[in-house]
Every structure is written in C-alpha cells, then in structure tokens.
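Participant: next input, structure requested:
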Amino acid sequence: MNQQDLGQFSKLSPFELKDKLIDIATSDGQRMMLNAGRGNPNFLALLPRWAFLSLGGFAMKEAERSYSYLDSGFGGLPEREGMVQRFDAYAQQCEESDGIHFLRSAISYVKDQLGLNRDDFLSEMVGAFLGCTYPTPPRMLTHTEEIVKAYLKQEMFGALPGNGNFSVFATEGGTAAMTYIFQSLRNNFLIKSKDKIAIATPIFSPYLEIPILAEYDLEVVDIRMDEHNDWQLPESEIAKLLDPNIKIFCLVNPSNPPSTRLSDAVLSQLAAFVETKRPDLFIISDDVYGTFTDNFVSIFAKCPCNTLCVYSFSKYFGATGWRLGTIALQDDNVFDTALAALPDHEKSQLETRYSSLTNEPEKLRFIDRLVADSRAVALNHTAGLSSPQQLQMALFALNALMDREHRYKDAAKQLIRQRYQTLYQNIGVSVVHRRYDANYYTLIDLQEIGAILYGDEFADWFSKSDLGVSFLFRLAEETGVVLLPGKGFEVVNTSARVSLANLTDIEYAAIGKFTRHVLDELFEDFKTRKDAVLPGAH
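Facilitator: Numbers count the residues shown, from 1 in each chain. Next comes the predicted model:
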C-alpha cells in the first residue's frame, strides 16, 4: 500500500484505524493475529466474582421463602429482618468456599470499618443480585455508594487525609460517564459553543473528538505533557489555563497512552495554580489507571472543589464487559457555584427543564442533574445503573478494601511490568521502570528507537518520510501484529501504542521481535535510498 493510499486513513480515530489493521492482519488465514491495540485486560479478579455467585445462591433461597407454599415458580421480595442470621445458617450448610468466606468477611468489614448496618447491607446486596426492583436511589444504591466512596478514598487520595464529603453516580462504564458529563455541562449552560476546553495531551482520543462535535463546538487548547520529563506538565503549559475563556480542563491521569502519573510536585503546582488563579476552572480527571502506579494521588484529592473524578472498574478488575464506572463530585463544588451564578433567563429555562423532579429545581445539584439528563429528565425515576452491576461494583471495591496486604494490586503491577520489559528486550533496547509509570500501555517511540538502533540520520529520514501509519500497516501485513498510532492520541513523535494488558508474555516477546524485524526492513529501505542519491550510484 503506497503513501497516497495510506493518506485516506490519516483522519480516522485510532480505534477505527484499528479495524482496518485487523482486516489486513487476518488476511493470512495461516497466521495468528496479535492485537495489542486494545486495552481490554486478559486478567481478572476472581474472588469478588466467586462472592457474586455465592451471594446469588443465598439470594435465590431468600426469594423462595415468600412463595414456598406455591408450586408456581414464583419467588418473592426477600425479608430484611434476620437476614444476617439466615445467611450464617446458609453458610454453615455450604461447603466452605472462597466466595462464602469473602461474604462473611465483607459483612463484618462493613459494620466494623464503615459503620453500616449488617442487615441493611446484606438486604441491599441480595435485592441487587435478584434485580427485582428499580435501583433506589437512582443515582446509586445507598450502601454501595458508601463502599465505593471508601474505595475511591483509598485509591485516589493516597496518604492525603481527604474527606468523605462527596457523592458518587454509578454509570455504565467510564465511557458513559464521559458522555453524561459533556451532555449535562451543555444542557446547564456551563459550556457553550466557542468556549475553550484545555486538554492535557497525549490523551485517550475521545477526549479530543467529543468537544469538536457540532453539538458542543468547543475550541481545543493543547496542554502538552513533556515527553523528555516523564510526561509531566511543565509550568509553562499549566500557565495556559490563565485564559478565562478556558472553561474545562480534561486530564487522564495516569496518562493514556504514555501511562505515566503526574508527580506530587506537579499536582501541588497545579492545585496551587487553580486555587489562586483559576478557582472557577472545571476539571475532569479520568483516573482509571491510577491503581497500576505506586503512591497514586488524583487531582480530585488536591483540587476537590473543582474536579469531577471519573473512575472505571474495567481495567483493574478485568471487568470491561460489566460496564462499571463512576463519577464522583465533592458536595461543595464549582459546578454548583456556577449554576447559582447563571443569568436569570438561563435559570428560568433550567427550572422549566427540571420542574418535574422537584418543587425547587434551582436547588438541584449538578450531580443529580447528571442522573436526570442521563435519562432525558422525564425518566429520572427509572434511572441508574442496574442493581446486579452495582452489586458486582461493591464486591470489587470490597475486594480492594479488605486486601490489607495488597496482594492483588502487587500481582497486577508485576504482571504488566514484566510484559513491559519483555517487549523492549525483544526490540533490542533496554528500559527501566520509572517511579511514575503505570505501564498499562507503552508508546513505542519509533524515532527514538530508530536513533538508538540505527543512528540519528535514519530517525530523521523516518520522521520526514511520515512512515508512522505505513509502519503499522506493514507490521500488520507482514506479521499479523496490530498496534495503534500514537498520532491519534496527540503524540508528537511517530509512535505506536501497545497495550501491555491483553496478551501473554510470549506474545509480547513476539511483538517485540516483529517490531524489530519491520524496523530492520525500513533501515534497509533507508540505506538503499541513501545509496541511490550518492554521486556515482547506479
């Protein structure tokens, strides 16, 4: 495929380009495709899933109690009173299993550590498994919210004390959280056409693609992370946020695809800047990869009043198919402050919009407007993530809260860090784990590696020839390996994004070897072209 043919793919989202690459990679039926372009992990948390199944057995017994006198197939709503005692009796009759042991520990944990009533907790969990009632409250089940808040405090606040004065909205994954946030910001006049949105790049490509859609029509301001300083935010880039026309700052931390968290120093600098110079700034921080780094702290902990914290359970617990995401917002926040400051004619429109929900729509909090807008307002009473999904979310959170020795977290980190080393060893370059790395993804910087392997002249030729997409197609065609272009994530250098979560160590070794093979071929092309332009060449 020539460069002209490749040009037609230059404007595609990296995830759409991936499909083209897969078609090419699978064209040879005798060869196995290795797709390292997607972030779906090939590992998952077993214990909270066993707990889900074990709870299901008890929940079915509880449902049978109501209509046990009828041979009809009916079950009924479980009775709350005495449920913990009935569970203890049920557990004693069961063969001791990981799931039952987990549930017993969880019932004790929520009482002793979170101060929750055991019968109320277990009743909510049993009802959630059965899925026989609408999620109530629609924003999030009461006990599930308290559990998830404790989990977010543990994972997002690090050693910072923080406080629990925030609310959580359970969503259908992080993607739904993104969708709802942008919709509600627009619906509530907090962003308007031609406003500016600052985006810390490189970044997950939808954050680049959503703001420019016609319904938002926002002007994107690039806040560029420094590749040569562990992908940190330079002070000069943070200073761009002084522009009062910038309404929102979007951040993925740890970054995607560089997979590096912001340092404590940069977080403090950013927090001080917001507090003293842009206290009105809206921040959206997507922190899904935080659990893969050491000593992670979210900007949500440092700038609590300004930040909407988006978190998904998908990557850490291997739960992309469950669609489990959250939006967290401090009770005292700039979004509600901005709503109160809207001009009267806009307030009037919003009072009409939300008048079916409350007699005082002007007091409706932004996070509750998110819930209402997610169901076109009129269906707010049936909003909310399905209760079985919320149950699994609570069990995932409890799994992390009760794992005092961090066995699962340490194993997850070790798994992907080993794959990182394997990949680069087989490309032929040495790498070290840096203190801010998450390693969930890695950017193969083709220019940098080309310079290391073949010299600066080759790297310059590679860059000027714009061979990034060509490399990806050649890699897919010759080896069956699918990677994503770094350019689609606003990476300056020619690079390829590799997910280190979804294949085996042996397969990452193969990807490294195939990458080196194609780079060697390109180097031969370079030498041939170079020789052809030398005086006297034939």
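Participant: from residue 519, how far out is residue 474?
Facilitator: From residue 474 across to residue 519, the span is 10 Å (C-beta to C-beta, to the nearest Å). Where you see a C-beta, it was placed from the backbone N, CA and C, and this is true even at glycine.
Participant: the two - which one has more neighbours?
Facilitator: Ranked by neighbour count (other C-beta atoms under 10 Å), residue 474 and residue 519 place residue 519 first, with 22 against 17.
Participant: surely the more buried one and residue 449 touch.
Facilitator: Yes. Proximity of residue 519 to residue 449 meets the contact threshold set by C-beta atoms under 8 Å, at 7.0 Å.
Participant: joint contacts of the two?
Facilitator: Common neighbours of residue 519 and residue 449 (criterion: C-beta atoms under 8 Å, 6 or more residues apart in numbering): residue 427.
Participant: just the strands in the stretch 301-450 of the chain please.
Facilitator: For the stretch 301-450 of the chain, applying DSSP state E, counting those that start in this stretch gives strands covering 307-312, 324-330, 441-445.
Participant: low-scoring pLDDT stretches of this structure, where are they?
Facilitator: Low-confidence segments of the chain (pLDDT under 70): 1-12, 30, 68-71, 162-163, 492-493, 532-538.
Participant: could you work out the end-to-end span of stretch 252-272 for me?
Facilitator: 19 Å (C-alpha to C-alpha, to the nearest Å).
Participant: which residues does the residue nearest the centre of the chain contact?
Facilitator: In the chain, the residue lying closest to the centroid (C-alpha atoms, centre = their mean) is residue 288, at 3.5 Å. Applying C-beta under 8 Å, 6+ apart, we find residue 288 in contact with 174, 252, 310, 311, 312, 314, 315, 316.
Participant: ditto for residue 185
Facilitator: Per C-beta under 8 Å, 6+ apart, neighbours of residue 185: 191, 248, 282.
Participant: tell me the one among those nearest to residue 257.
Facilitator: Set against residue 257, the nearest of the contacts of residue 185 by C-beta to C-beta is residue 248 (21.6 Å).
Participant: go ahead and confirm the closest one touches residue 197.
Facilitator: Yes. With contact defined as C-beta under 8 Å, residue 248 counts as touching residue 197 (4.7 Å).
Participant: more crowded one of these two?
Facilitator: residue 197 (25 against 22).
Participant: can you pull the contacts of that one?
Facilitator: 191, 211, 218, 219, 220, 221, 246, 247, 248, 249, 250.
Participant: now the fifth one, what's its secondary structure?
Facilitator: Same thing as residue 220. Following DSSP: H, G, I helix; E, B strand; the rest coil, residue 220 is assigned to strand.
Participant: could you report the separation of it from residue 200?
Facilitator: For residue 220, the distance to residue 200 - C-beta to C-beta - is 11 Å.
Participant: and those two? Which one has more around it.
Facilitator: Neighbour totals were compared for residue 220 and residue 200, and residue 200 leads with 24 against 16 (other C-beta under 10 Å).
Participant: not counting sequence-adjacent ones, nearest residue to residue 258?
Facilitator: residue 231 (4.2 Å; C-beta to C-beta, 6 or more residues apart in numbering).
Participant: ok, that neighbour touching residue 260?
Facilitator: Yes. Using C-beta under 8 Å, residue 231 is in contact with residue 260, at 4.2 Å.
Participant: the residue lying closest to residue 478 once chain neighbours are set aside: which element?
Facilitator: Nearest non-adjacent residue to residue 478, counting by C-beta to C-beta, 6+ apart: residue 518, 6.4 Å away. Assignment of secondary structure by DSSP states H and E places residue 518 within helix 505-532.
Participant: elements contacting that helix?
Facilitator: Under the contact criterion of 3 or more C-beta pairs under 8 Å, 6 or more residues apart in numbering; DSSP states H and E, helix 505-532 touches strand 34-35, helix 407-427, helix 446-454, helix 456-464, helix 468-479, strand 481-482.
Participant: that helix to helix 468-479, inter-axis angle?
Facilitator: Going by axes from the mean of the first three to the mean of the last three C-alpha atoms, to 10 degrees, helix 505-532 is angled at 120 degrees with respect to helix 468-479.
Participant: helix 505-532: which residues count as buried?
Facilitator: Neighbour counts over helix 505-532 (16 or more other C-beta atoms under 10 Å) mark 507-519, 522-523, 526 as buried.
Participant: save the strands of the stretch 301-450 of the chain as CSV, and put in mean neighbour count and distance to residue 408 too.
Facilitator: Shown next, in CSV, are these (neighbours: other C-beta atoms under 10 Å; distance: least, C-beta to C-beta, whole Å):
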stretch, mean neighbour count, distance to residue 408
strand 307-312, 27, 17
strand 324-330, 25, 16
strand 441-445, 23, 20
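Participant: contacts only, for residue 142.
Facilitator: Here residue 142 is in contact with 120, 124 (C-beta under 8 Å, 6+ apart).
Participant: ok, now with 10 Å
Facilitator: 116, 120, 121, 124, 136 (C-beta atoms under 10 Å, 6 or more residues apart in numbering).
Participant: in strands only, show me those.
Facilitator: Using DSSP state E, no member of those falls in strands.
Participant: now, of those, which are buried?
Facilitator: Applying 16+ other C-beta under 10 Å to the contacts of residue 142 flags 116, 121, 124 as buried.
Participant: for residue 237, list the residues it contacts.
Facilitator: When contacts are counted by C-beta under 10 Å, 6+ apart, residue 237 touches 198, 200, 201, 221, 222, 223, 224, 225, 226.
Participant: and those, which is closest to residue 372?
Facilitator: residue 198 (27.5 Å).
Participant: following the helix or strand that the closest one is a member of, which helix or strand comes up?
Facilitator: In the assignment (DSSP H and E), residue 198 maps to strand 196-201. Later in the chain than strand 196-201, the nearest helix or strand by DSSP H and E is helix 206-209.
Participant: overlap of the contact sets of residue 220 and residue 200?
Facilitator: By C-beta under 10 Å, 6+ apart, the residues touching both residue 220 and residue 200 are 207, 250, 490.
Participant: list only buried entries from the residues you listed.
Facilitator: Here, 16+ other C-beta under 10 Å leaves 207, 250, 490 buried among the shared contacts of residue 220 and residue 200.
Participant: let me have those residues in JSON lines, extended by distance to residue 78.
Facilitator: Below are these laid out as JSON lines (distance: C-beta to C-beta, whole Å):
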{"residue": "207", "distance to residue 78": "43"}
{"residue": "250", "distance to residue 78": "43"}
{"residue": "490", "distance to residue 78": "51"}
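Participant: re the thing from before, what is in contact with residue 231 and residue 260 at once?
Facilitator: With contacts defined as C-beta under 10 Å, 6+ apart, the residues adjacent to both residue 231 and residue 260 are 225, 254, 434, 436, 437, 443.
Participant: burial measure for the spatially closest residue to the third one that is not a sequence neighbour, as a count.
Facilitator: This points to residue 434. Distances taken as C-beta to C-beta, 6+ apart place residue 230 nearest to residue 434, at 5.9 Å, with adjacent residues excluded. Taking other C-beta under 10 Å as the criterion, the count of residues near residue 230 is 17.
Participant: with residue 407 instead?
Facilitator: When neighbours are defined as other C-beta under 10 Å, residue 407 has 9 of them.
Participant: in what helix or strand does residue 168 lie?
Facilitator: strand 166-172.
Participant: which strands or helices does that strand pack on?
Facilitator: Contact here means 3 or more C-beta pairs under 10 Å, 6 or more residues apart in numbering; DSSP states H and E; on that basis strand 166-172 packs against helix 142-156, helix 173-187, strand 307-312, strand 324-330, helix 366-374, helix 387-402.
Participant: chain center to that strand: distance?
Facilitator: Distance of strand 166-172 from the chain centroid (C-alpha atoms, centre = their mean, to the nearest Å) equals 14 Å.
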